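Student: got a structure for you, letters missing:
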């Protein structure tokens, strides 16, 4: 049985604009879920979208959401490394310190790799 506080929360009315947005979000999610399930069915050459394709589509959408956060982190860190490379490489090139030039070069390549890894699909 649901506690009284939860029942009271369920009975709170929605503002018409909030209800409109909620319905739109539900429709957008349903459209995305069905499209993903149909793509999975198409890839497996199925004639019909089965319930397990819906489950796979939901897993895929959730995975993409988690992947987005990690991609953003890769892009941010990679950009910081590339920025450090540019500043450090130019300043050390003027002094001629070969070890630091090499270190900044490696930092630049690692940063570019991280950015490209974050930008890939």
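Tutor: Structure received. Here the structure is a predicted model, which is why all the values come from computation and not from measurement. Numbers count the residues shown, from 1 in each chain.
Student: buried ones in stretch 45-57?
Tutor: The neighbour-count check on stretch 45-57 (16 or more other CB atoms under 10 Å) flags 49, 53-54, 56-57 as buried. Heads up, the C-betas are built off the backbone N, CA and C, glycines and all.
Student: State the mean pLDDT of that stretch.
Tutor: Averaging pLDDT along stretch 45-57 yields 93.
Student: do the same with stretch 99-106
Tutor: Averaging pLDDT residue by residue across stretch 99-106 gives 93.
Student: what's the answer for stretch 71-78, then?
Tutor: Averaged over stretch 71-78, pLDDT sits at 91.
Student: Provide the count of other residues in contact range of residue 86.
Tutor: Here the number of neighbours of residue 86 (other CB atoms under 10 Å) works out to 14.
Student: which non-adjacent residue is nearest it?
Tutor: In space, residue 86 comes closest to residue 108 once its chain neighbours are excluded; the distance is 7.3 Å by CB to CB, 6 or more residues apart in numbering.
Student: wait, isn't that neighbour in contact with residue 80?
Tutor: No - the pair residue 108 and residue 80 does not pass the contact test of CB atoms under 8 Å, sitting 11.3 Å apart.
Student: out of those two, which sits in the more crowded spot?
Tutor: In this comparison of residue 108 against residue 80, neighbours counted by other CB under 10 Å, the higher total goes to residue 108 at 19 against 14.
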